[in-house]
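1. Turn this into a model:
(chains A and B)
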Protein chains: 2
Amino acid sequence: MSAVTTDPAGRTGVPAEVLRARAYLLRVAEPPCREVVDFVRTHGPVEAADRIRRGEVSGPLAERVRARRAYDRAEADLEAAHAAGARLLVPEDDGWPAWPFTAFGTRGALERNELAPPVALWVRGARSLSDLCDLAVSVVGSRAATGYGTHAAAELGSVLAGAGVTVNSGAAFGIDAAAHRGALAAGGPTLAVLACGPDRAYPAAHETLLERIAAAGAVVSEYAPGAVPARHRFLVRNRLLAAMGGGCVVVEAGARSGSQRTASDARALGRPVMAVPGPVTSAMSVGCHELVRAGAELVGRPEHVLETIGRLGVDLAAEPARPRRPTDGLDPAVAAVHDALPARAAWPVDRLTEEAGLPAGIVRAALVELEERGLAEYVHGLWQRPGTEPVSARGGA
Amino acid sequence: MSAVTTDPAGRTGVPAEVLRARAYLLRVAEPPCREVVDFVRTHGPVEAADRIRRGEVSGPLAERVRARRAYDRAEADLEAAHAAGARLLVPEDDGWPAWPFTAFGTRGALERNELAPPVALWVRGARSLSDLCDLAVSVVGSRAATGYGTHAAAELGSVLAGAGVTVNSGAAFGIDAAAHRGALAAGGPTLAVLACGPDRAYPAAHETLLERIAAAGAVVSEYAPGAVPARHRFLVRNRLLAAMGGGCVVVEAGARSGSQRTASDARALGRPVMAVPGPVTSAMSVGCHELVRAGAELVGRPEHVLETIGRLGVDLAAEPARPRRPTDGLDPAVAAVHDALPARAAWPVDRLTEEAGLPAGIVRAALVELEERGLAEYVHGLWQRPGTEPVSARGGA
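-> Sure, this is the predicted structure:
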């Protein structure tokens, strides 16, 4: 009964009966299921599974498990996962990403069954999920992305992964794939959360991409090997995507978009929601703009994301490069005196005072400041712009 | 002494001595000059002008007017303006836009000399400036605008003017000109605030545009006929542009931009600041994105501006059009049952319950809801998708 399993990564430690129990519990009710989660919290996974299997449950939990409680495929699922290079990661494992799911226990989330935490996770990839989620951001967006959107997502993925931030996404076409690819191109960590079994490539065209993601980070799912990507599972999956990032960035989204659902899950879980703007003429940016109008943070550069989710104080975004002019930052009065300086002549203070329409005291102080900045020269009792050639107006020397 | 003037629009009412006094006061210190404004408030324009002319002033005011107090060009300015089809609009005139400048008296503004109100305004155009400013918005942005920016500005100008909102801008190249032209194309009101005399076309290429703006709305300036557009005057002008709109929209702005100065003036005057986003890859949108990050409202459609500055409740922006699917808005459990319905068969409730992994009670309730929405059919004791052809799984009928 206390046999210890060896996972594909060669790590040990979790009793096989716990893995079998959680594999069973993951299937016994369609996730998310707060009743199962609560029952496991009370009785532990092994006893909880036994009781459910034996029908020793009542109330809403009994309702939730009635249809499948006799349907135990735990052993077969574990074998199929092993064959596909996947393992079952359970909360009893050191590699379980604990902090991402603590948010599911917060008050706002507790009231919503949709935000129940996972009972376990099927994982492809040898890296520790806990480590991967330590500094991670979810990048999501439309499948029907534009060239602009895929460029922005790839850039974001690349800069974030390059800074050591795990880029989480859903492995879909469009923004998801661009974010994963950007991260992979930077040689950085990336994580895909699927709405189907961990052994399935969905979409099929992304089979190689998913392999690369598993090698560089992890491919994660609540669904057992062989499970099909039913549509409601994408919505359910989005809550994991939202939870497993320290923030959620929407890159492109139409007016109606699953990404907005992920963003709303992220908000409910207390994760900062960010959105990348785009042309107001693009239907694919409408959803992002609506998010910003609703309070999401506008992300103009990848550094803005680092600033929000990253190591504050270390990853502060640099100020955007501003072309500097020598007259930048001048007080308006000083700028007025600079404007009054003639282009090809030299004038006395009185003349400049009249031209600038300012008090002589202010003009004198301004001229001293301009001289210090190299913007005015005082030559033979007259003021001029630096380098002005001597002309008749200057008078005798 | 109580001669009454006739302005180019044929209106009368303001004593000529008041016009002369304010024309003098407008020149005697370079605007903005809070000392002159306060002195006029205490003594009235005629006495204030007389005292300044006679040197019967002291303190900071004396300093501000010393250089130009003997330089009285009031008569000549009024004549030059008349010849150029312009008039001097003074606070004593019914057409004076009173509300835009009340903000200059608020606490935040009072402390800043740069936000002193104008002593008078030179105006080209027969329409009442007060009426024009009644519902107005300032649209500003970069001279070096992109095609995207000019398109967005023209669209904004056109929709706003078409809704009866006066489009204020600065008649510069780029965003300014596009906003004016959009308003003119919609046959709506538009207003230009210049940094030079009202008789000057600056830039020269906009001579015809300025004529059209004067005919459809107004061309306004604090600077006397003939005054050149010195650089500091653009900054000073921006405060009028900010004040004369009920809100300020920045369409495109680089990281360093005069538009950001206008936006900061607008904020100081209590006007809502809005910004149009653009591609994060465009240097011309960096300033807009920084404004939104600093708290400006993101404007995705012209209706958003109407909603903010317009007749609230009347101009509320419609929700963006969202493509609707029949399964939109379904509760996740109902969506899960819908997903479980087979594509080409009919199933009993038990089978659907197992497939969906949900309690039978929830599945039955979901099936009723799906039936009501036309998303499921109950035929001969089995559930199917509507229009499913009879197949063997259905059993005998």
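2. and A:G125, what is it in contact with?
-> A:I213, A:A214, A:A215, A:A216, A:G217, A:A218, A:V219 (C-beta atoms under 8 Å, 6 or more residues apart in numbering or on different chains). Heads up, the C-betas are built off the backbone N, CA and C, glycines and all.
3. could you measure it against A:V220, distance?
-> 8 Å (C-beta to C-beta, to the nearest Å).
4. tell me which parts of the stretch 51-200 of chain A are close to chain B?
-> A:P60, A:E63, A:R64, A:R66, A:A67, A:R68, A:Y71, A:E114, A:Y148, A:H151, A:A152 (C-beta under 8 Å from any C-beta of the partner chain).
5. three-state assignment of the third one?
-> Going back to what we said before, that points to A:R64. helix (DSSP: H, G, I helix; E, B strand; the rest coil).
6. Can you get me a residue count around the closest residue to chain B within the stretch 51-200 of chain A?
-> The stretch 51-200 of chain A approaches chain B most closely through A:E63 (3.3 Å), counting by C-beta to the nearest C-beta. For A:E63, the neighbour count with other C-beta atoms under 10 Å in any protein chain shown is 17.
7. what's the pLDDT at it?
-> The score at A:E63 is 93. That number is its pLDDT.
8. which residues sit in contact with it?
-> With C-beta under 8 Å, 6+ apart, A:E63 has these contacts: B:P359, B:A360, B:G361, B:I362.
9. Please pick the buried ones from the contacts of A:G125.
-> A:I213, A:A214, A:A216, A:G217, A:A218, A:V219 (16 or more other C-beta atoms under 10 Å in any protein chain shown).
10. The last one should be in a helix, yeah?
-> No: the assignment for A:V219 by three-state DSSP gives strand, which leaves it out of any helix.
11. ok, back up a step: looking at the contacts of A:E63, which one is closest to B:E75?
-> Taking C-beta to C-beta as the measure, B:E75 lies nearest B:I362 of these, at 88.2 Å.
12. now for the helix or strand where the closest one lies, which elements pack on it?
-> Here B:I362, judged by DSSP states H and E, is contained in helix B:360-372. Of the remaining helices and strands, those touching helix B:360-372 by 3 or more C-beta pairs under 8 Å, 6 or more residues apart in numbering or on different chains; DSSP states H and E are helix A:59-65, helix B:332-340, helix B:349-356, strand B:377-379.
13. Figure out how far the third one is from the centre of its chain.
-> Which is helix B:349-356. 57 Å (C-alpha atoms, centre = their mean, to the nearest Å).
14. All the strands of the stretch 201-350 of chain A, residue numbers only.
-> A:218-221, A:248-250, A:273-275, A:297-298 (DSSP state E, counting those that start in this stretch).
15. could these be laid out in a markdown table, adding mean pLDDT and distance to chain B?
-> Conversion of the strands of the stretch 201-350 of chain A to a markdown table gives the following (pLDDT from 0 to 100; distance: least, C-beta to the nearest C-beta, whole Å):
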| stretch | mean pLDDT | distance to chain B |
| --- | --- | --- |
| strand A:218-221 | 98 | 15 |
| strand A:248-250 | 98 | 12 |
| strand A:273-275 | 97 | 9 |
| strand A:297-298 | 98 | 5 |
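16. Tell me which of these sits nearest to A:L156.
-> So among these, strand A:248-250 is nearest, using C-beta to C-beta, at 6.6 Å.
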